[in-house]
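S.K.: mind looking at a prediction? Sequence and model below.
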Amino acid sequence: MLFMLIVKASANSETGNLPNPELEAAMTKYNEELVKAGVRIMAKGLHPSTNGLRLSFPEPGGRPVVTDGPFTESKELIAGFILIDVNSREEAIGWAMRMPDPQGHGEGQIELRQVFE
């Protein structure tokens, strides 16, 4: 079963700040554990939304409207993700519970979602 651990963005991650050395070491250890267990498919961080763009489709069949970042009006941006392949939802929850605070400032938030296969 594929699950995605979605790391929510914060004010800190949107400024492009990299993790402090302690958080970087904790996340490296966590990722190494995922690899050693054979469940990690992919893990990536994302650049801040200032480097992104958004496509909107206001008219069915019409051309998309392009909006350059940052997306300050959005409350739910993504800073990164980890894709895991596990045997059950409970196992995915267990891995999610082991992840260190991904923002390191008490503002981290992780969303766990099953991927359609």
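M.R.: Sure thing, it's come through.
S.K.: and stretch 32-45, end to end?
M.R.: Taking C-alpha to C-alpha, to the nearest Å, the span from the opening residue of stretch 32-45 to its closing residue is 16 Å.
S.K.: buried ones in that stretch, by neighbour count?
M.R.: By neighbour count on 16 or more other C-beta atoms under 10 Å, the buried set for stretch 32-45 is 34, 39, 40, 43. Glycine gets a C-beta too; all of them are placed from N, C-alpha and C.
S.K.: starting at the chain centroid, how far to the lowest-mean-pLDDT helix or strand in the chain?
M.R.: When each helix and strand of the chain is scored by mean pLDDT, DSSP states H and E, helix 11-14 comes last, with a mean of 85. Here helix 11-14 is found 13 Å from its chain centre; the criterion is C-alpha atoms, centre = their mean, to the nearest Å.
S.K.: from the buried residues of stretch 32-45, which two are the most distant?
M.R.: 39 and 43 (11.0 Å; C-beta to C-beta).
S.K.: tabulate the buried residues of stretch 32-45 (CSV), appending distance to residue 62, secondary structure and pLDDT.
M.R.: What follows is these, written out as CSV (distance: C-beta to C-beta, whole Å; DSSP: H, G, I helix; E, B strand; the rest coil; pLDDT from 0 to 100):
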residue, distance to residue 62, secondary structure, pLDDT
34, 42, helix, 98
39, 42, coil, 98
40, 40, strand, 98
43, 36, strand, 96
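S.K.: residue 9 reaches residue 75, doesn't it?
M.R.: No - using C-beta atoms under 8 Å, residue 9 is not in contact with residue 75, being 9.8 Å away.
S.K.: neighbour-wise, which of the two wins?
M.R.: A direct count of neighbours by other C-beta atoms under 10 Å for residue 9 and residue 75 places residue 9 higher, at 22 against 8.
S.K.: now do the phi/psi pair for the more buried one.
M.R.: Phi and psi for residue 9, reported as degrees, to the nearest 10, are phi -70, psi 160.
S.K.: before we move on, back to that, who's in contact with the least confident helix or strand of the chain?
M.R.: With contacts defined as C-beta atoms under 8 Å, 6 or more residues apart in numbering, helix 11-14 is touched by 48, 49, 50, 70, 77, 79, 103, 105, 107.
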